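Q: Take a look and give me a structure for this.
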Amino acid sequence: MGQELEIVSFSVETSWSDVNALPYHLKQWTQTKESTIAFIDFISPKVKEGGHFLDLGSGGGAATYQLSQINQDSFWTGIDLDLNLINIANDLAQQKGIQNLFFYQGDLTCFSGQSQFDGVVSLQTMSWLNDYRPAFSNVFRNLQPEWFAVTSLFFEGDISAFTNIVEHKTNRLVHYNTYSIPEVTRFSKQFGYELSRKQCFELPIDLPKPIDQDVMGTYSIKLDISENPSRLQISGPLLMNWYMLLFQKSIEL
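A: Predicted coordinates:
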């Protein structure tokens with residue numbers, strides 16, 4: 001008989017507060033990432049109108065803080081399952097004297113909040129869930145904002161890829177799902193929300209390839225095939241198809 005294969009179990013990493021991930025997520029309290037700058041530009045017209053906004057999967061709060069600076073008369077709430085990250089986010093907001101920003105522990109698939117939100121955002125979170133639909137359903141059915149803006153991994157065609165990444169070195173398994181924009185649009189329309197705007201995130205800088213190829217880390221490859229060179233973003237073995245989508249409430253169901 002042949003040699004039996006050893007079955008190795010992997011745990012899904014649901015927290016970004018480990019020693020490797022935490023510095024990355026906290027850095028933009030002082031240095032805004034290009035993807036966040038692009039998302040700020042994408043939703044600024046909506047946020048400048050003022051109101052109460054919710055960030056689903058706010059992590060250490062850095063991106064939410066940057067969003068809260070668009071209009072300091074607006075009010076922002078960030079939620080995340082990781083209590084350690086929530087405590088860090090509130091401490092940093094307090095240190096900076098931010099008055100329009102608070103963080104709470106909460107599950108983005110069932111959080112309802114205590115007040116009506118004018119807009120809901122989610123940055124770089126949906127692709128790392130098992131599936132986008134429970135979170136989207138909660139936004140549309142329970143929160144019912146006027147608009148919902150999300151940035152994650154999406155594909156222009158009618159194909160979705162549900163991908164599990166295994167880092168053998170760290171015994172870590174995470175989701176890197178890429179969702180079909182047509183399918184997400186059809187799903188959202190069931191709840192009376194229309195895709196009103198979409199934009200591919202074009203990385204404006206070069207990112208070097210990580211030295212350690214045994215862990216996920218984004219780098220870029222420049223494509224000089226036109227007058228306006230573009231960059232592919234790659235992490236480990238995956239192409240990172242970053243898009244920003246804006247859904248607008250259209251009808252009452």
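
Q: In the stretch 151-253 of the chain, where is pLDDT below threshold?
A: Scanning the stretch 151-253 of the chain with the threshold set as pLDDT under 70 gives 225-229, 251-253.

Q: just the strands in it please.
A: Per DSSP state E, counting those that start in this stretch, the stretch 151-253 of the chain carries strands over the ranges 164-167, 172-175, 179-180, 193-200, 218-223, 230-235, 238-239, 242-249.

Q: Could I get these in a markdown table, plus columns for mean neighbour count and distance to Phe148?
A: For every residue, glycine as well, the C-beta is placed using N, CA and C. Output for the strands of the stretch 151-253 of the chain, formatted as a markdown table (neighbours: other CB atoms under 10 Å; distance: least, CB to CB, whole Å):
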| stretch | mean neighbour count | distance to Phe148 |
| --- | --- | --- |
| strand 164-167 | 14 | 26 |
| strand 172-175 | 17 | 20 |
| strand 179-180 | 22 | 14 |
| strand 193-200 | 16 | 7 |
| strand 218-223 | 14 | 25 |
| strand 230-235 | 16 | 24 |
| strand 238-239 | 14 | 25 |
| strand 242-249 | 21 | 5 |
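
Q: With distance to Phe75 added, can I get the ones you listed in CSV?
A: Converted to CSV, those look like this (distance: least, CB to CB, whole Å):
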stretch, distance to Phe75
strand 164-167, 36
strand 172-175, 31
strand 179-180, 30
strand 193-200, 23
strand 218-223, 32
strand 230-235, 33
strand 238-239, 36
strand 242-249, 20
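
Q: who wins for proximity to Thr36 among those?
A: Nearest of these to Thr36, taken as CB to CB: strand 242-249 at 10.9 Å.

Q: List the neighbouring strands of the closest one plus their orientation.
A: Strand 242-249 has the following strand partners under DSSP bridges: strand 147-155 (antiparallel), strand 193-200 (antiparallel).
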